[in-house]
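In: prediction below, plus the sequence it came from.
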2 protein chains.
Amino acid sequence: MRTVNVGLIGLGTVGSGVVKIFGWHAGDFRRRAGVDIRLVRFADRNPDRATDLGLPEGSFTGDAFELIGDPDIDIVIELIGGTSVARDVVLAALKAGKSVVTANKALMASHGQEVMDAAAVYGVDIAFEASVGGGIPIISPLKHCLVSNEITSVMGIVNGTTNYMLTRMAEDGLDYDSALAEAQAKGFAEADPTADVDGLDAAAKIAILASIAFNSRVVMSEVPTEGIRSISAADVAYAGEMGYAIKLLAIARRTESGVDIRVHPTMIRSTHPMASVNGVYNAIYVVGDAVGETMFFGEGAGSLPAASAVVGDVIEVARHISRGCLGLVGCTCNEELPIRDIGELETPYYLRFRVVDQPGVFGRVATVFGNHGVSLASVIQKGAEEPTAEIVYVTHRATERAVRAALAEIEDLDIVESVDTVLRVEDL
Amino acid sequence: MRTVNVGLIGLGTVGSGVVKIFGWHAGDFRRRAGVDIRLVRFADRNPDRATDLGLPEGSFTGDAFELIGDPDIDIVIELIGGTSVARDVVLAALKAGKSVVTANKALMASHGQEVMDAAAVYGVDIAFEASVGGGIPIISPLKHCLVSNEITSVMGIVNGTTNYMLTRMAEDGLDYDSALAEAQAKGFAEADPTADVDGLDAAAKIAILASIAFNSRVVMSEVPTEGIRSISAADVAYAGEMGYAIKLLAIARRTESGVDIRVHPTMIRSTHPMASVNGVYNAIYVVGDAVGETMFFGEGAGSLPAASAVVGDVIEVARHISRGCLGLVGCTCNEELPIRDIGELETPYYLRFRVVDQPGVFGRVATVFGNHGVSLASVIQKGAEEPTAEIVYVTHRATERAVRAALAEIEDLDIVESVDTVLRVEDL
């Protein structure tokens, strides 16, 4: 039986999960994959982590490049994260003829082409199932099972932190700050929550998914991104009243004028399967011209779920090594679709304003919308006893460009105190 | 570029979907898979089908074995169904050195070992993603992405016909007969609905899923199977009142005393992700020791969804042929777990009786349960004005054996008119 030696770089949350899974199942892998897969070397900047994990004497190094230079290593697992050291490490490993398994969404979403090109040049595999949706199988299903389809849209709840917060806001009426504090207390949000609450994590993931689904490279910096900081308990409550849930959706659609891709808090009907994906769970919803609607649900983060995907990739690559099948499916970006300007987006909008409560206000606001060709589907007014009133409009389908132009004018009206929330409604 | 020639046997619902997808996307497959995959020959007992599909002159034969004998064919798609002719066709194709793609759940659930052994002997692929869940990727995710896990349970709503019927019973209070008539009128149920409503279709599918998930062969005849004929609108309504949905679940769990596998109408909490899978949609719910809970959702039947999976398999096999990687993942049943006797099942039960409405009835029934060690968690009584009353019991966790023994005695009591429904509650 062929032996495949694996080196693990990065002993943090996911890395320790990988060590655990090998501890439980290395014998099973021999039977299931017909390959003797051994986790033999480890690297991290912090030697204490190796001690804490009880790794075998002499298997640890503080220098990732020393591990990469080890001629006995066949597969390198990169779990450093980020795009600086990790990029150097991954490129060096590929150049050294090692296949690479990574969970690094930022790297794949920003330097995916470079990394995949290098894997092709050196005739090895690069696998990154764990970069999107934690343990949920989604990249492999897109590259294999659903490859017979033209994928028309892929979208999802791909950030557990913000989904937890929005769920708590919907369930118990928490405001944004309380929801964030609770998520931090439970370990679902970082001390600096920027990457999650500002949508950057989701933007990286949808760039990866769109590249695979549409066979056309999209990088993270091309994804228009809005986070959930502007969402209030009031918005969540209004949405509920109207039969909608608010979710931070990462959305990508193939359209005739290019790839419509974006991350923003979105109103979806409460009957849609994604609307009941709550807490830290993730779900990726894929529509193909043959398969119709499909959805992939599970834990999108955490040590063991992400490690499940990493080790799954390792086993797959080990099978390829043992059978001489490396590079079976490399980069599949064989089209060059433009990214559609978000101004061209056409969808209903939810808009919440605070206005001076005086006669004629509705008329003046409605006139501005009308001048820009934006027609209103419904309106809710609350708090009329106060000097200012809260108004919620939902528009018929309108272009982003027209809505933004109308809002710019409306914000300047003396009767308008503030435009508090602008949400897109995804009409699924 | 290598050319891979494909022969299609069976031009029914799924077969015509395969022809359509090749018509749309054959050019895309060349780019995505780097292989020129051609659908070149067709067989069916009915030549009119070839005419209706407008197949090229000379590409059709009425004799499946003539197609198999064609030395130019690399991959045979078997869409005949059943286990007699289809088995001969699949074994002959494998023996002739052709890889086989099939949607045939009955064949794989009854003769899976024989078919997979033959594929191994002749060094070719056998792929059957479409045999479970239509277009939903589930077999490949289990064999690849989730292979790093010990799967502890796999269960699902894998029959769209019965899920449609149960959904209509829950939504509009239809009785069984009306729900069946409506499903037949809409083309979701056959004129003879036996395979669906008696759970046989679901039993085949869970045998396949369990074999893969637990690496241990389970055949369809080993699956204790109950259909939905006994379910009344009253049961669905009672379940709803108690916060449950009734679904025809196919269930397989790895337990210390073997594989717990069964198909029956099941009460699940209405908050579980599977409870909101409605209409003809399917969902397969998988729990692994590392990945945690995952769910795969989509259209479980129909021409194009099933064909999506068939063509996905064809592309995968074509990649293997072009790269000399056939047999990369063959049979993974490397354990021999026993099937646990259903008598050992321990779960809460929902029981609906009709009793004579007289004092002491509750006590006598409760005494019999108590004698068998079955304790009652809740009871509902309705229709007390009539000479007979309907009683619904929900038990605490009890063994199937104890509940069956108690019911046998209770049925013999003079005060009991009928035991109408026995449902297992899956405590997810």
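Out: Everything's here; your move.

In: please count neighbours and contacts with C-alpha atoms only from this point.
Out: Will do.

In: SS state for the closest residue to A:I208 other than its chain neighbours?
Out: Nearest residue to A:I208, sequence neighbours excluded (C-alpha to C-alpha, 6 or more residues apart in numbering or on different chains): A:A109, at 5.5 Å. Recorded secondary structure, A:A109: helix (DSSP: H, G, I helix; E, B strand; the rest coil).

In: what residues does A:A109 make contact with?
Out: Counting by C-alpha atoms under 8 Å, 6 or more residues apart in numbering or on different chains, A:A109 makes contact with A:204-205, A:207-208, A:218-220.

In: how about the residues of the stretch 251-400 of chain A by chain B?
Out: Residues of the stretch 251-400 of chain A lying close to chain B (C-alpha under 8 Å from any C-alpha of the partner chain) are A:273, A:276-277, A:290-299, A:304-309, A:311-313, A:315-316, A:319-320, A:323-325, A:328-329, A:332, A:334.

In: so which bits of the helix or strand harbouring A:K20 are buried?
Out: Using DSSP states H and E, A:K20 falls within helix A:13-33. Residues of helix A:13-33 classed as buried by neighbour count (16 or more other C-alpha atoms under 10 Å in any protein chain shown): A:14-22, A:26, A:28-30, A:32-33.

In: closest to chain B out of the residues you listed?
Out: Of all the buried residues of helix A:13-33, chain B sits closest to A:R32, with 5.9 Å by C-alpha to the nearest C-alpha.

In: for the closest one, what are its contacts?
Out: A:R32 neighbours (C-alpha under 8 Å, 6+ apart): B:147, B:332, B:334.

In: and those residues, which of them are buried?
Out: Applying 16+ other C-alpha under 10 Å to those flags B:147, B:332 as buried.

In: in CSV: the contacts of A:R32, plus pLDDT and distance to A:G227.
Out: CSV is the format used below for those (pLDDT from 0 to 100; distance: C-alpha to C-alpha, whole Å):
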residue, pLDDT, distance to A:G227
B:V147, 96, 35
B:T332, 90, 44
B:N334, 91, 48
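
In: which of the contacts of A:R32 are close to chain A?
Out: The subset of the contacts of A:R32 within reach of chain A, by C-alpha under 8 Å from any C-alpha, is B:147, B:332, B:334.

In: for the closest residue to the second one other than its chain neighbours, grab the count of nearby residues.
Out: Nearest-residue entry for B:T332: B:N215, 5.5 Å, with adjacent residues in sequence omitted and distances by C-alpha to C-alpha, 6+ apart. Neighbour count of B:N215, defined by other C-alpha atoms under 10 Å in any protein chain shown: 22.

In: give me the number of residues near A:H372?
Out: Residues within reach of A:H372, counting by other C-alpha under 10 Å, total 17.

In: ok, it touching A:R401?
Out: No: using C-alpha atoms under 8 Å, A:H372 makes no contact with A:R401, being 9.3 Å away.

In: just give me the neighbour total for the nearest residue to A:N159 once chain neighbours are set aside.
Out: Excluding its sequence neighbours, the residue lying closest to A:N159 (C-alpha to C-alpha, 6+ apart) is A:A202, at 5.9 Å. Neighbourhood size, A:A202 [other C-alpha under 10 Å]: 34.

In: isn't A:A202 right next to A:T162, touching?
Out: No: taking contacts as C-alpha under 8 Å, A:A202 lies outside contact range of A:T162: 9.8 Å.

In: between these two, which contacts overlap?
Out: Joint contacts of A:A202 and A:T162 (C-alpha under 8 Å, 6+ apart) are A:D196.

In: report the mean per-residue pLDDT for the helix holding A:K20.
Out: Taken as a whole, helix A:13-33 carries a mean pLDDT of 94.

In: what is the subsequent helix or strand relative to it?
Out: Next in sequence after helix A:13-33, counting helices and strands by DSSP H and E, comes strand A:36-43.

In: show me which positions of the next helix or strand after that next one end up buried.
Out: Downstream of strand A:36-43, the next assigned helix or strand under DSSP H and E is helix A:47-53. If you call a residue buried by 16+ other C-alpha under 10 Å, then helix A:47-53 has these buried ones: A:49-50.

In: kindly report the same for stretch A:338-349.
Out: A:339-342, A:345-349.

In: what's the offset of it from the middle of its chain?
Out: Relative to its parent chain, stretch A:338-349 has a centroid offset of 20 Å by C-alpha atoms, centre = their mean, to the nearest Å.

In: what's the span of it, first residue to last?
Out: Start and end residues of stretch A:338-349 are separated by 25 Å (C-alpha to C-alpha, to the nearest Å).

In: partners of the host helix or strand of A:R352, with directions?
Out: According to DSSP H and E, A:R352 maps onto strand A:349-356. Applying DSSP bridges, strand A:349-356 is found paired with strand A:388-395 (antiparallel), strand A:416-425 (antiparallel).

In: JSON lines please, covering the ones you listed and showing distance to B:S84, mean pLDDT and mean neighbour count.
Out: Shown next, in JSON lines, are these (distance: least, C-alpha to C-alpha, whole Å; pLDDT from 0 to 100; neighbours: other C-alpha atoms under 10 Å in any protein chain shown):
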{"stretch": "strand A:388-395", "distance to B:S84": "59", "mean pLDDT": "92", "mean neighbour count": "19"}
{"stretch": "strand A:416-425", "distance to B:S84": "52", "mean pLDDT": "95", "mean neighbour count": "18"}
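
In: can you check which of those gets nearest to A:N104?
Out: A:N104 lies closest, by C-alpha to C-alpha, to one member of the strands paired with strand A:349-356: strand A:416-425, at 29.3 Å.

In: what does the closest one rub up against?
Out: With contacts defined as C-alpha under 8 Å, 6+ apart, strand A:416-425 is touched by A:230-231, A:235, A:264-268, A:347-356, A:407, A:410-411.

In: before we move on, the earlier item: tell me who's in contact with the residue nearest to B:T332.
Out: Contact analysis of B:N215 by C-alpha under 8 Å, 6+ apart lists B:332-335.

In: closest one of those to B:D52?
Out: Taking C-alpha to C-alpha as the measure, B:D52 lies nearest B:T332 of those, at 40.4 Å.

In: the closest one and B:I212 touch, don't they?
Out: Yes: under the criterion of C-alpha under 8 Å, B:T332 makes contact with B:I212 at 6.6 Å.

In: which element is the closest residue to A:M274 other than its chain neighbours on?
Out: Closest residue in space to A:M274, ignoring its immediate chain neighbours: A:A283 at 6.8 Å, by C-alpha to C-alpha, 6+ apart. Taking DSSP H and E as the criterion, A:A283 maps to strand A:281-288.
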